[in-house]
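K.L.:
Can you look at this prediction? I've put the sequence above it.
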Amino acid sequence: MDIRLIGLALGTFAIGIEGFVVASLLPQIAGDTGVTLVQAGYLVVTYAFAYAIGAPIVAAITGSLDRRSILAGSALVFVAGSLLAAISPNYILLMAARLLIAVVAGLYAATAQATAVAISEPHHRGRAISAIVAGTTLAVAFGAPLGAFISGLAGWRGTYLFIALVGMLASLIVWWVLPAGLRADRLSLKQRLAVIRHPGLLPALLTMLLYMTGAFAVYTYIAAIALDGVGLGRELLPVILLAFGVGAALGNFLGGQLADRFGATRTVVLSSVLSTLTLAAVSWIMALPQDIAGPVLIAHMVLWGVIAWMFAPAQASRILSIAPESAPLALSLNYSALYLGVAIGSMIGGVVIAEFGLQQLGWIGAIFPVLGLAVMRLARTTRPRDLSLA
């Protein structure tokens, strides 16, 4: 594999660790900063909103600059945000640190994907994009469990120091392996958003948003589910994340294979149906006796990871088939829809816990993939060319 792609993927690996490990850190953060678990969950909500809204704006502002400078610079700011989080004396400053991290993480991810396409041969575009996504997949599979393990030894602040170290390494490698002078045409935010008018794209983005809303209404509070819902010990949180991560790695591969063989849309439908069942099963597991609920949850996390991550490559293929001539912009909007779903799901999960209790999370989360299927069904007759079914 091109070493430049590996360097770019290291940055998405660091970003992925920060984005996915935080769910396991929320109980520690809540206890350390003197806030409730639901209030700690707002760290996920605000991060996701900042990522979804701030990243396209910053990308439009910096669009004509040298990509090596953007990537190395955004990675350095990510490091600064992680260090600020590690030393934050209170919840407000931690929130500010995560907002900073979110904006530059979104800028890095979008620029890395576009750069990977730019430095690769046209017939290797899909492979280049998958290499960047692989950084996130590895973060879910191994980085987040490692971060959770570190938090058990050195607290959540130690995890952020580890994230800063990985981000610094990524910044140095990106600066070293990428050539200077890679630039793209500068596009305004209005021009970037104009791609939404492409037939079929808006319903596809809404499907992504709804899918992620359901998933993160539950996943954001996975530590509380493991500790309070099924009675596992804190030392098993890394195992929970590792089980999900192993499933995610398998699901990412399986989703790509199924999309190529049976069509991206069919794979998205299958993943949405199965996601409905796996989310509902989380509530069922919490109702089991605790002596069996814990082992069942760990096993379930593998299955959940497979199903959840089957969706991502198939959804990206759908986006590419809908707007192939605007691939980087369309994929960037897909990321925004993803993180808006994360934000809305985290908010809904917090409300469910506060008003109805932890055990209802899975039932409520399962509603949203069904809504996504309904959107796909309603939009089907308005899409004159659904190449993803081919």
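P.N.:
Noted; the coordinates are in hand. Numbering: from 1, shown residues only.

K.L.:
now what about stretch 355-367, what contacts it?
P.N.:
With contact meaning C-beta atoms under 8 Å, 6 or more residues apart in numbering, stretch 355-367 is reached by 214-215, 217-218, 221, 224-225, 228-229, 275-277, 279-287, 345, 348-349, 352-353. In this view, the C-beta of every residue, glycine as well, is placed from N, C-alpha and C.

K.L.:
could you flag which of the residues you listed are buried?
P.N.:
Buried subset of the contacts of stretch 355-367 (neighbour count, 16 or more other C-beta atoms under 10 Å): 214-215, 217-218, 221, 224-225, 228-229, 275-276, 279-283, 285-286, 345, 348-349, 352-353.

K.L.:
Distance check, L373 against F311.
P.N.:
12 Å (C-beta to C-beta, to the nearest Å).

K.L.:
do the same with G229
P.N.:
24 Å.

K.L.:
How about A379: what's its closest non-neighbour residue?
P.N.:
P203 (3.5 Å; C-beta to C-beta, 6 or more residues apart in numbering).

K.L.:
where does that neighbour land on pLDDT?
P.N.:
Looking at P203, its pLDDT stands at 93.

K.L.:
any idea how far L94 lies from T33?
P.N.:
With C-beta to C-beta as the criterion, L94 and T33 are 7 Å apart.

K.L.:
between the two, who's got more neighbours?
P.N.:
Under the criterion of other C-beta atoms under 10 Å, the comparison of L94 against T33 puts L94 first, with 24 against 19.

K.L.:
Now do the phi/psi pair for the residue lying closest to the more buried one once chain neighbours are set aside.
P.N.:
Leaving aside its sequence neighbours, L94 sits nearest to S88 (C-beta to C-beta, 6+ apart; 4.0 Å). S88 has phi and psi values of phi -60, psi 120 when expressed as degrees, to the nearest 10.

K.L.:
Now do S88: how many residues are near it, please.
P.N.:
20.

K.L.:
Kindly report the same for the one 10 residues further on.
P.N.:
When neighbours are counted by other C-beta under 10 Å, R98 registers 26.

K.L.:
per-domain residue ranges of this structure.
P.N.:
Domain assignment for the chain, taken from automatic domain parsing, gives 1-178, 191-381.

K.L.:
pLDDT-wise, which helix or strand of this structure ranks last?
P.N.:
The weakest-scoring helix or strand in the chain, judged by mean pLDDT, DSSP states H and E, is helix 189-193 (a mean of 65).

K.L.:
unless I'm mixing things up, S332 is touching A59, no?
P.N.:
Yes - taking C-beta atoms under 8 Å as the definition, S332 is a contact partner of A59 at 6.9 Å.

K.L.:
If you average the pLDDT over stretch 19-36, what comes out?
P.N.:
90.

K.L.:
buried residues in it?
P.N.:
So, applying 16+ other C-beta under 10 Å, buried residues of stretch 19-36: 19-30, 32-33, 35.

K.L.:
Looking at the residues you listed, which is nearest G54?
P.N.:
Proximity of the buried residues of stretch 19-36 to G54, judged by C-beta to C-beta, is greatest for G19, which lies at 14.5 Å.

K.L.:
what separates that closest one from G229, distance-wise?
P.N.:
23 Å.

K.L.:
Check L209 too.
P.N.:
26 Å.

K.L.:
can you check L338 too?
P.N.:
In this view, L338 and G229 are 26 Å apart by C-beta to C-beta.

K.L.:
how about the strands of the chain, start to end?
P.N.:
Per DSSP state E, the chain has no strands. Nothing in it meets that criterion.

K.L.:
which residues does V218 contact?
P.N.:
Counting by C-beta under 8 Å, 6+ apart, V218 touches I225, L279, V282, G345, G349, L361, G362, G365.

K.L.:
Show me the two of the residues you listed that sit farthest apart.
P.N.:
Farthest pair in the contacts of V218, by C-beta to C-beta: I225 and G345, 14.2 Å.

K.L.:
any weak-confidence spans in the stretch 151-300 of the chain?
P.N.:
Scanning the stretch 151-300 of the chain for pLDDT under 70 picks out 183-193.

K.L.:
hmm, try it at 50
P.N.:
Applying pLDDT under 50 to the stretch 151-300 of the chain flags no residue at all.

K.L.:
Could you pull out the helices in it for me?
P.N.:
Assigned by DSSP state H, counting those that start in this stretch, the stretch 151-300 of the chain shows helices spanning 189-193, 201-219, 222-224, 237-262, 264-286, 290-322.
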